[in-house]
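Visitor: pasting a predicted model and its sequence here:
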Amino acid sequence: MTYAMKSVETDVAESARPALSLALGAVGRGIRSGLLWLAAKALPPLVTLALILLVWQILCAKPGATLPPPSQIWRDSYDLITQPFFNFGTQDIGLGWRVLVSLETVAYGFGFATIAGILLGALIGQSEWAMRGLDPIFQVLRTVPPLAWLPIALAAFRDSRPSAIFVIFITAIWPILINTAVGIRNIPQDYRNVAAVLRLNPIEFFLKVMLPSAAPYIFTGLRIGIGLAWLAIVAAEMLTGGVGIGFFIWDAWNSSRLSDIIVALAYIGLVGFALDRLVAAVGGLVARGAQAS
Amino acid sequence: MAPIKRPYLKLDRIGKIFERRGVRSEVLRDIDLAIEKGEFVSIIGHSGCGKSTMLNLVAGLTQATTGGVLLENHEVNSPGPERAVVFQNHSLLPWLSVYDNVRLAVDKVFSGKKSRAQRHDWTLHNLELVQMTHAKDKRPSEISGGMKQRVGIARALAMEPKVLLLDEPFGALDALTRAHLQDSLMDIHRTLGNTVIMITHDVDEAVLLSDRIVMMTNGPAATIGELLDVGLPRPRRRLELVSDPTYVAAREAVLKFLYERHAYVEAA
Ligand SMILES: Nc1ncnc2c1ncn2[C@@H]1O[C@H](COP(=O)(O)OP(=O)(O)OP(=O)(O)O)[C@@H](O)[C@H]1O
Ligand SMILES: [Mg+2]
């Protein structure tokens, strides 16, 4: 560390040095700072994980423990952990496939929720009367727990898949809708004036001013929404069956495969994390464009 | 007796009362003003007297409580590109590049009249007018305040407005940039012959640029206190004007109005 700092100083001091060595120095610093970054970012969580596994191993290796220790999970569920994409028939498939099935349902429900949430959010953000009429109803509906919708959905659709999609939809739509409305209400009057002078029609205004201006808010809503959707899909699948990861957990519980359940939980957690980061990353890209000057 | 020649732009006995939660505040009263085509008019007055309100009325962004605005004998009651505004704080859309900010206006105003290629050329032409072609692909956040203001002017000019409305366009700029942009604006006004209404706080700016200066009394219920014709020939050059007796007299008249007869009284 001290050495690195020194070499930087001499680089600056002896500006007459050949350019090549300067460039090499820069590359070397680049690699070094990359490694440092990796160590700072990746090391702490890895150490924590190792510690948790260790404590878990010690606690659950004792005779009479109700949950399996990590070593036993590794032995019991070796196939599930190492081969996410095996396929030996309808209910004997790798967890990767199951996650994809669940993700597909989420994609439909979340996709519909995004479209409907942004459109309805724009409506209640833009129109005083739409807000007065719809807002109280939305405020009540959004407090209904996702799974409470399932019986109604099953009765209406008479099929488990559309019902699961509906549950995702109704779970994810509220944060998207409410955040969009707030974003629209916060559009600076200046932008509205510009649009008015240009006589933008409502569709042009929506696409060229509303969406970009409210984008940071919309993406906050989308991020909360995708998190809730992923929470709801597991619960919904436990009740509706199918081949998704949620049903796998239910199935494993019924046949007392505790190790499999724990592996599935790890999958769910990692996928949920990835989804959150994905939406956040897209939002970051979009927001950088929409940043106020 | 009916006038033989009707003015190009007429503010006809305008009064404006804002009403918010039952509180009425009369901002403007009895504003009467006739502006000729191609005329450059400045509005000067103390902060908060209602200058922006007056400009917004001409823009159609707010509605008069009494009276009305007539442009070529048609009543103005909604905003539109024939009365383009350069806003006090530039108001460029931050997610669009400099080029796209101007192009949005060009596409909207000339959608049926110019081809794609013509609209592209027209956009570049207007950026050229304000010398901003070099930064056409930059975002507003990446350029300086003076540059943003210039893009705002290019956007307004690109609409080929009948009346160009400028709300303190150079208010937030340093003296040097300001002088430079004033010169550009004078050039543009000379070549294009636009009708311009400009709000300003700067007495020198008003005298240098205007054919006429509208001096507003203090609010509430502000009205036009005095009108001053600036009889200086164009083109005007700032250095030559400094010692010009007409310039000095005009400057003195405005200063006297602002600081002697209508000195700003801080509202208690
Ligand atoms: N939408 C509104 N509702 C209520 N009052 C308003 C509204 N807009 C402006 N006013 C009031 O009208 C008065 C004049 O405002 P205006 O913005 O026109 O002043 P101004 O002369 O442009 O001031 P400045 O030089 O500081 O820009 C102010 O007292 C302001 O509080
Ligand atoms: Mg103002």
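Guide: On my side now, so go ahead. Ligands and ions are numbered 1, 2, ... in the order given.
Visitor: surely residue B:166 and residue B:196 touch.
Guide: Yes. In this structure residue B:166 lies within contact range of residue B:196 using CB atoms under 8 Å: 6.7 Å. The C-beta positions use only the backbone N, C-alpha and C, and glycine is treated the same way.
Visitor: helix or strand right after the one helix or strand residue B:199 maps to?
Guide: Assigned by DSSP states H and E, residue B:199 falls within strand B:195-200. Downstream of strand B:195-200, the next assigned helix or strand under DSSP H and E is helix B:203-209.
Visitor: which strands and helices lie in contact with that next one?
Guide: strand B:40-44, helix B:175-192, strand B:195-200, helix B:245-256 (3 or more CB pairs under 8 Å, 6 or more residues apart in numbering or on different chains; DSSP states H and E).
Visitor: outside of that helix, which residues touch it?
Guide: Outside helix B:203-209, the residues that touch it by CB atoms under 8 Å, 6 or more residues apart in numbering or on different chains are B:40, B:42, B:44, B:170, B:178, B:182, B:185-186, B:189, B:198, B:200, B:213, B:230, B:232, B:236, B:238, B:241, B:247, B:250-251, B:254-255, B:258.
Visitor: same thing with stretch B:113-124?
Guide: With CB under 8 Å, 6+ apart as the contact definition, stretch B:113-124 has outside contacts at B:99, B:102, B:103, B:106, B:107, B:110, B:133, B:136, B:158.
Visitor: can I get that stretch as PDB, trimmed to CA atoms?
Guide: Only the C-alpha atoms of stretch B:113-124 are listed here, as PDB (Å, rounded to 0.1, in the frame of the first residue of the first chain):
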ATOM      1  CA  LYS B 113     -44.600  21.400 -43.800                       C
ATOM      2  CA  LYS B 114     -40.900  20.300 -43.900                       C
ATOM      3  CA  SER B 115     -39.400  16.900 -44.800                       C
ATOM      4  CA  ARG B 116     -37.200  15.000 -42.400                       C
ATOM      5  CA  ALA B 117     -34.000  16.300 -44.000                       C
ATOM      6  CA  GLN B 118     -35.300  19.800 -44.000                       C
ATOM      7  CA  ARG B 119     -36.200  19.600 -40.300                       C
ATOM      8  CA  HIS B 120     -32.700  18.300 -39.600                       C
ATOM      9  CA  ASP B 121     -31.200  21.200 -41.500                       C
ATOM     10  CA  TRP B 122     -33.500  23.700 -39.800                       C
ATOM     11  CA  THR B 123     -32.600  22.400 -36.400                       C
ATOM     12  CA  LEU B 124     -28.900  22.800 -37.200                       C
END
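Visitor: can you check the pLDDT for the closest residue to ligand 1 within chain A?
Guide: Closest approach between chain A and ligand 1, counting by CB to the nearest ligand atom: residue A:189, at 9.3 Å. For residue A:189, the model assigns a pLDDT of 91.
Visitor: count of neighbours near it?
Guide: Using other CB atoms under 10 Å in any protein chain shown, residue A:189 has 11 other residues around it.
Visitor: next: the one 5 residues further on.
Guide: Other residues lying near residue A:194 total 24 when counted by other CB under 10 Å.
Visitor: next, the contact list for it, please.
Guide: A:209, B:87, B:91, B:93.
Visitor: between those residues, which is nearest residue A:46?
Guide: Ranking the contacts of residue A:194 by separation from residue A:46, with CB to CB as the measure, puts residue B:93 on top at 44.4 Å.
Visitor: what strand or helix carries the nearest residue to the closest one once chain neighbours are set aside?
Guide: Counting by CB to CB, 6 or more residues apart in numbering or on different chains, residue B:93 lies nearest to residue B:101, which is 5.8 Å off, once chain neighbours are set aside. Here residue B:101 sits within helix B:98-109, counting by DSSP H and E.
Visitor: ok, now residue B:170?
Guide: Using DSSP H and E, residue B:170 falls outside every helix and strand.
Visitor: hey, which helix or strand in chain A has the poorest pLDDT?
Guide: The weakest-scoring helix or strand in chain A, judged by mean pLDDT, DSSP states H and E, is helix A:2-13 (a mean of 41).
Visitor: downstream of that helix, the next helix or strand is which one?
Guide: Per DSSP H and E, the first helix or strand lying C-terminal to helix A:2-13 is helix A:19-60.
Visitor: please name the residues that touch the most centrally placed residue in chain B.
Guide: Among the residues of chain B, residue B:166 comes closest to the average C-alpha position under CA atoms, centre = their mean, at 2.3 Å. Listed by CB under 8 Å, 6+ apart, the contact set of residue B:166 reads B:85, B:86, B:153, B:156, B:196, B:197, B:198, B:199.
Visitor: shouldn't it be within a helix?
Guide: No. Counting by DSSP: H, G, I helix; E, B strand; the rest coil, residue B:166 is not found in a helix; it is strand.
Visitor: quick check: angle from the helix or strand harbouring residue A:287 to helix A:19-60?
Guide: Using DSSP H and E, residue A:287 sits in helix A:258-290. If you take axes from the mean of the first three to the mean of the last three CA atoms, to 10 degrees, helix A:258-290 sits at 140 degrees to helix A:19-60.
Visitor: would you mark the buried spots in helix A:258-290?
Guide: A:258-264, A:267-268, A:271-272, A:275, A:279-280, A:283, A:286-287, A:290 (16 or more other CB atoms under 10 Å in any protein chain shown).
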